[in-house]
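Participant: structure for this input, please:
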Amino acid sequence: MTCRYYPQVLAERFSEHRFREDTAAMTQMPILITLPPETTCHCPDTTTVRIMRGVGAVIPLDAASAGPWEVWDAVARARLHAVNASHEQAPVFVGTSCLRLIGIHGWAQNPTITIYRPHRRCTSTLPSCCVGSTTVPETSVSCSPFPPLSTTRATVDGLVTEHPYDALVRCALHEDPLEAFVLGCMALNSWSHFSMFHQDECRQRAEEIRTDLLARLDRAGRVRGYRRARSILSAIDPGCANVAEAALLWIVRSICPFTVHTQVHIGVHGYHYYVDLLIEDLHIIIEFDGVTKLGETRDEFEQAKRNWVMRDQNLRDAGWQVIRVSWPDYNDWEELRVRLSRILGPMIPAPEFRFLWKLPSKRCDGPLRRFYTRTSRIGNQHADR
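Facilitator: Predicted structure coming up:
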C-alpha cells in the first residue's frame, strides 16, 4: 500500500503585506491520500472517500454526524490533495484553489480545481463523491494557461501555490464577477483581521492590501478583463462577514452610485446595532438574514423573531428604511436586482463600479456549485413591503 500524508494546515493570515514562504501550524488530524482507494482507515471520526480512479482520501470527519456544508468543504480539500498526488511533478495551485487552501471561500462551494503547469493545457473531470447521506457533485480540474504574476511560491498543506495576492488578482481577471467579488471580500476580511470594534485600523490594513492588489493588476498589463478586475478590486470590502453579505454588497454596488458602508454601528433607544449595509444618502439599511442569525431550536427561533421585529422597529423609529434579503432571494439574481433597483430608485452605478454586474454563470452558481434553498422568510413576506 502506498500512502501520502498531507497535514491540514491552519489558514495563515497575511497581515500588513507580510508573506511567509511556508505555513507551519498544523492540526492533529491530517488528510490521508490512499492508493488504491479501497484502502480503509480505522481512525475514529474519519471517513474514507473515493476521489478519482485509483485515488481515495481519508477525511477528518464523521460521515454520520457531519452536515452537508462540512462534507462539501472536506471533499473540496481532499480533491486538491488527490490532484496533487496524481501528478508526478507537483503542480502549482492557483486562483480559487490557492485561496481555498488558505481558508478563503468564494460563492461556489464545489469549485473547479485550477492548477498551472508550464507545458500542459487540459481539463479533466472528477466524479461525484458520496459521504454518508450527502453527495458532492462532480467538478473539473483545469490547467490555467496563465502563469502566476510573480515568482513567489508558498507551500500550504504540502501543496505548492502562487502568492495569495496573485491568486486574487487572477480571480478578478478570469472568474465570474460574483465569485471574484465574494473571494475578494472574504480575503480582505481575513487578511485585515477585521473586527467590528476596531474598524479604523482594520480598514487601513485593508486599503494597504488593496493598493498592493491594484499594483499587481497594473503590472499584469491591460489584458482582457482588466477593467472589470479593477472595478472588483476597487469595490471589495473587508466588512462582509460571510459570502452572503458579500454577494449582497456586490449587487448593491452594481446599481447604486452612493457610498455603501458595511458594519455600521447605530444606537437607538439604548440598543446598539451593527447593520450589514447602510446607504446614508438614501437613509436605507439593507440586511441579510442568515440561518445562524435565527437560531437552531424553536425557542431560539422565536426569540430571534422577537428581537428581529424589535430591531426593525427601533431602526424605523430612528428614520431608517430597512430592507431584508435571505437565501431564497439568491435563487433569482435578476429578480433580486430588479427588486432592489425599485426600492433604491432609478439611478446609474458609480463610474468605477459600472463593470461589476454580470449574471452569474452555471460554472459559478449552477446546481453543481452550491446549495439552493426554498425556505421562506419569517412570515413569508418581504420585510420592506
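Participant: domain map for this protein?
Facilitator: 2-235, 243-380 (automatic domain parsing).
Participant: let me see the mean pLDDT of the last one.
Facilitator: Mean pLDDT, domain 243-380: 88.
Participant: same thing with stretch 117-131?
Facilitator: On average, stretch 117-131 scores 87.
Participant: in that stretch, what's buried?
Facilitator: The neighbour-count check on stretch 117-131 (16 or more other C-beta atoms under 10 Å) flags 126, 129, 131 as buried. C-beta: built from backbone N, CA, C; applies to glycine.
Participant: picking up where we left off before, would you tell me which one of the domains of the chain is buried the most?
Facilitator: The highest mean neighbour count among the domains of the chain, using mean count of other C-beta atoms under 10 Å, belongs to domain 2-235: a mean of 19.
Participant: right, and residue 136 touches residue 72 too?
Facilitator: Yes. Between residue 136 and residue 72 there is a contact under C-beta atoms under 8 Å: 5.3 Å.
Participant: intersection of neighbour lists for the two?
Facilitator: Here residue 136 and residue 72 share the contacting residues residue 110, scored by C-beta atoms under 8 Å, 6 or more residues apart in numbering.
Participant: output the longest helix belonging to this protein.
Facilitator: Scanning the chain for the helix with the most residues, using DSSP state H, yields helix 199-220.
Participant: model confidence over it, on average?
Facilitator: Here the average pLDDT along helix 199-220 is 97.
Participant: what's in contact with the following helix or strand past that helix?
Facilitator: Next in sequence after helix 199-220, counting helices and strands by DSSP states H and E, comes helix 226-235. With contact meaning C-beta under 8 Å, 6+ apart, helix 226-235 is reached by 168-169, 172-173, 177, 180-181, 184, 210, 213-214, 217, 220, 249-250, 253, 352-356, 358.
Participant: so for helix 226-235, what's the average pLDDT?
Facilitator: On average, helix 226-235 scores 97.
Participant: one more: stretch 147-167?
Facilitator: 95.
Participant: ok, now how distant is residue 283 from residue 315?
Facilitator: Residue 283 sits 10 Å away from residue 315, going by C-beta to C-beta, to the nearest Å.
Participant: please apply the same query to residue 348.
Facilitator: From residue 348 to residue 315 the distance is 28 Å (C-beta to C-beta).
Participant: out of the buried residues of stretch 117-131, which are inside strands?
Facilitator: Those of the buried residues of stretch 117-131 mapping onto strands are 126, 129, 131, per DSSP state E.
Participant: closest to residue 100 among those residues?
Facilitator: Comparing those against residue 100 with C-beta to C-beta places residue 126 closest, at 14.3 Å.
Participant: bridged to that closest one, which residues?
Facilitator: Beta-bridge pairing of residue 126 under DSSP bridges involves residue 139.
Participant: quick one, what contacts it?
Facilitator: 51-52, 79, 82-83, 113, 138-141.
Participant: mind putting these in JSON lines, pLDDT and distance to residue 287 included?
Facilitator: Below are the contacts of residue 126 laid out as JSON lines (pLDDT from 0 to 100; distance: C-beta to C-beta, whole Å):
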{"residue": "51", "pLDDT": "91", "distance to residue 287": "39"}
{"residue": "52", "pLDDT": "87", "distance to residue 287": "42"}
{"residue": "79", "pLDDT": "95", "distance to residue 287": "35"}
{"residue": "82", "pLDDT": "92", "distance to residue 287": "40"}
{"residue": "83", "pLDDT": "93", "distance to residue 287": "39"}
{"residue": "113", "pLDDT": "96", "distance to residue 287": "34"}
{"residue": "138", "pLDDT": "95", "distance to residue 287": "35"}
{"residue": "139", "pLDDT": "96", "distance to residue 287": "32"}
{"residue": "140", "pLDDT": "94", "distance to residue 287": "36"}
{"residue": "141", "pLDDT": "95", "distance to residue 287": "38"}
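Participant: columns distance to residue 148 on top of those, output as JSON lines?
Facilitator: Conversion of the contacts of residue 126 to JSON lines gives the following (distance: C-beta to C-beta, whole Å):
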{"residue": "51", "distance to residue 148": "25"}
{"residue": "52", "distance to residue 148": "25"}
{"residue": "79", "distance to residue 148": "21"}
{"residue": "82", "distance to residue 148": "22"}
{"residue": "83", "distance to residue 148": "17"}
{"residue": "113", "distance to residue 148": "16"}
{"residue": "138", "distance to residue 148": "27"}
{"residue": "139", "distance to residue 148": "22"}
{"residue": "140", "distance to residue 148": "20"}
{"residue": "141", "distance to residue 148": "18"}
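Participant: so which of the contacts of helix 226-235 sit within helices?
Facilitator: Reading helices off the contacts of helix 226-235 with DSSP H, I get 168-169, 172-173, 177, 180-181, 184, 210, 213-214, 217, 220, 249-250, 253.
Participant: among those, which pair sits farthest apart?
Facilitator: Among the ones in helices among the contacts of helix 226-235, 220 and 249 lie farthest apart (C-beta to C-beta), at 24.9 Å.
Participant: three-state assignment of the most centrally placed residue in the chain?
Facilitator: Central residue check for the chain by C-alpha atoms, centre = their mean: the C-alpha nearest the mean position is that of residue 106, 2.3 Å away. Secondary structure, DSSP: H, G, I helix; E, B strand; the rest coil: residue 106 is coil.
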